[in-house]
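Enquirer: got a structure for you, letters missing:
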């Protein structure tokens, strides 16, 4: 039996030996025929033929035995190769499974520090020091090492919006190179502008091109005016982008003159890294994949009546594909396309139930601005398809007053992780909450600052 480690070499040698024997047998057979056909065959020649025949039979037997052994070994080799191939495939599968298990174990270890609440509570940073669960010793948190603060400029960096025209810029997450990974945006900043009289719509390519507002929203309800010494606008829910995803900003100018605008976003990026030879591991926030910031504004800017005391009807319509949790309230006024204080009172009620939300209150008690938005102590849950309606009534007689009014919060999809959640009952007022024990569906309360 050949060495199992060299079975292919042995089979090649056996094939070579069989070929040699076969050629010799053919030559001997031919020689016997020549002797038999020669005239005057003597007794010596007859004895030579008998010797040749015995040699022929011996070689023939060796040939048959060698060929049988060769075929048996070839068949066994084929079977062993099949088994070895399966073993190699199984070994590869085991290595892949082991890598996946280590990935899961690692992610489980950082879940409480990253996934559970951090991304939806910007004021809670990743701790720089943690306690090692095995040794009990304090150590530098490896998650902190791979979490970097990051300012992302738009592409292009500045844009000139034509007078009363449209333009577009994008915030593109850097590609996955140099171990760079996912980006989480908390703050939106207006670095500079010629005029604050512009509106925007944000489009998240990671959500299939979904807009983050029901209609164009005043620019200062989205971007904090850093040029005026204001704070950046802090979103109620972060925007989570993977490499090469984009946050597209569509800009509409209404200043009546060319408007040069520069926008910046700020947040943190999770750096990719390798552990035990594994490929890059990104810290993915599952919750941030399922919710996103959202602005609910009037269906169109509200042009107030010129005469004091004359109400103007407005509507705010939420699409039927999402619910919305809203807590920040902002309002902005313009006169003739120029930012100006506008005094008015407003009412607001739910169109379906008639439930009153704002009872003819002065606007300075209802809405703030992006620097100091009014934050409701209890976020308002607008169910899908909600219609908010009411009147805005000016308190002074001024011609050309226009109001931009917006809520800000976060969108809640109709399902989390493929399971129905926050689905309204038939009366349109009650909500079926997800089971409290299901962490995937539980919605943590957010703290707004």
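Expert: Noted; the coordinates are in hand. All values derive from a computational prediction rather than experimental measurement. Numbers count the residues shown, from 1 in each chain.
Enquirer: ok, residue 334 - contacts?
Expert: 197, 254, 340, 342, 401, 402, 404 (Cβ atoms under 8 Å, 6 or more residues apart in numbering). Yep, even glycine has a C-beta here, placed from its N, CA and C like the rest.
Enquirer: Phi and psi next, for it.
Expert: Dihedral pair for residue 334: phi -140, psi 150, per degrees, to the nearest 10.
Enquirer: any idea how far it is from residue 219?
Expert: For residue 334, the distance to residue 219 equals 11 Å [Cβ to Cβ, to the nearest Å].
Enquirer: What of residue 64?
Expert: 94 Å.
Enquirer: ok, for residue 342, nearest residue in space, not its chain neighbours?
Expert: residue 333 (2.9 Å; Cβ to Cβ, 6 or more residues apart in numbering).
Enquirer: pretty sure that neighbour is touching residue 405, no?
Expert: No - using Cβ atoms under 8 Å, residue 333 makes no contact with residue 405, being 9.6 Å away.
Enquirer: Which one of these two is surrounded by more residues?
Expert: The neighbour comparison of residue 333 against residue 405 (other Cβ atoms under 10 Å) goes to residue 405, with 27 against 21.
Enquirer: Past the helix or strand where residue 349 lies, which element shows up next along the chain?
Expert: Here residue 349, judged by DSSP states H and E, is contained in strand 344-350. Using DSSP H and E, the helix or strand that follows strand 344-350 in sequence is strand 356-362.
Enquirer: Show me which residues of the helix or strand following that next one are buried.
Expert: Using DSSP H and E, the helix or strand that follows strand 356-362 in sequence is strand 374-382. Buried residues in strand 374-382, counting neighbours by 16 or more other Cβ atoms under 10 Å, are found at 379, 380, 382.
Enquirer: If you count contacts, what does strand 374-382 end up packed against?
Expert: Other elements packing on strand 374-382 under the criterion 3 or more Cβ pairs under 8 Å, 6 or more residues apart in numbering; DSSP states H and E are strand 322-335, strand 401-413.
Enquirer: Packed most tightly, which of those would that be?
Expert: strand 401-413 (a mean of 24; mean count of other Cβ atoms under 10 Å).
Enquirer: That one pairs with which strands?
Expert: Note on strand 401-413: by DSSP bridges, its sheet partners are strand 292-297 (antiparallel), strand 302-303 (antiparallel), strand 322-335 (antiparallel).
Enquirer: can I get those in a markdown table with mean pLDDT?
Expert: Listed next are the strands paired with strand 401-413 as a markdown table, based on pLDDT from 0 to 100:
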| stretch | mean pLDDT |
| --- | --- |
| strand 292-297 | 94 |
| strand 302-303 | 96 |
| strand 322-335 | 93 |
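Enquirer: on that earlier part again, lowest-confidence one in the contacts of residue 334?
Expert: Among the contacts of residue 334, residue 340 carries the weakest pLDDT, at 89.
Enquirer: Once you drop chain neighbours, what's closest to it?
Expert: Nearest one to residue 340, counting by Cβ to Cβ, 6+ apart, is residue 333 at 5.7 Å.
Enquirer: now residue 391
Expert: Using Cβ to Cβ, 6+ apart, the nearest residue to residue 391 is residue 311, at 3.7 Å.
Enquirer: Contact partners for that neighbour?
Expert: When contacts are counted by Cβ under 8 Å, 6+ apart, residue 311 touches 305, 391, 392, 393.
Enquirer: run the last query once more with 10 Å
Expert: 304, 305, 344, 345, 346, 347, 360, 390, 391, 392, 393, 394 (Cβ atoms under 10 Å, 6 or more residues apart in numbering).
Enquirer: All good on my end, thank you.
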